[in-house]
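[1] model this:
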Amino acid sequence: MASTALQRALTESGPDLHPLPRRVEDLLRESAAPPRLAAHLRAVHDVAHQILNWLGEHYGTMAVDREAVLFGAATHDIGKTIHTDELSGPGSAHEEAGHRLLLDRGVDEHLARFARTHAAWTEPGIAIEDLLVSLADKVWKGKRVPNLEQRVVDHLTAASGQATWQAFLDLDDLLTAIAADADSRLAFQSAHPITG
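    So this is what the prediction gives:
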């Protein structure tokens, strides 16, 4: 049974956040996830929704595994259920721990990988889905990472044949709009306790 605080983080209507996939909610309950982590995952998952909806509208011919991106955004930090010190401090131990946790719970590698890859966006050959999870994990709080954004722009131009400058401007407009709502997402996350 999930704690009341975790249940609130999973279900409370925040700044119009999409609910997490049922499977992810179940994983977070089984793992006794800290409420703040659940709130964070909801915020990043919601931003991933916004990015994917925009891609579908403006770059509809681009092949992206929507389900994988949403699952990855919803679980990318699940290893912090094990490494709770990384909820409020730096660290990367949660990445491999989260990947292992998901695999141990029967999650396929193509979905579990995001726990390991969300901070590895600089690696060569990383898929667009991994880049989108990384992007959602940055911009949800208003953080802009030019090198990460350029990698996404490269995929946009390759898929669309559009000029690089136009893809850059399009993505910049989207991310500026998402970042403008960062304060409400940060307030939602902060409203939930680290322990619960």
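[2] Every contact and neighbour count from this point should use C-alpha atoms.
    Fine.
[3] Quick one: residues contacting Leu55.
    Met62 (CA atoms under 8 Å, 6 or more residues apart in numbering).
[4] helix or strand for Ala74, which one?
    Using DSSP states H and E, the element containing Ala74 is helix 66-75.
[5] Next, the buried residues of the helix or strand just after that helix.
    As assigned by DSSP H and E, the chain's next helix or strand after helix 66-75 is helix 93-104. Buried residues in helix 93-104, defined by neighbour count with 16 or more other CA atoms under 10 Å: 94-102.
[6] Can you lay out those as TSV showing pLDDT and distance to Tyr59?
    Listed next are those as TSV, based on pLDDT from 0 to 100; distance: CA to CA, whole Å:
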residue	pLDDT	distance to Tyr59
His94	89	33
Glu95	90	30
Glu96	93	32
Ala97	93	34
Gly98	93	31
His99	96	30
Arg100	96	34
Leu101	95	34
Leu102	96	31
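[7] between the helix holding Ala74 and helix 93-104, how many degrees?
    If you take axes from the mean of the first three to the mean of the last three CA atoms, to 10 degrees, helix 66-75 sits at 130 degrees to helix 93-104.
[8] Quick check: mean pLDDT of helix 66-75?
    For helix 66-75, the mean pLDDT works out to 98.
[9] Over to stretch 150-163?
    On average, stretch 150-163 scores 95.
[10] Having no further points to raise, I will conclude here.
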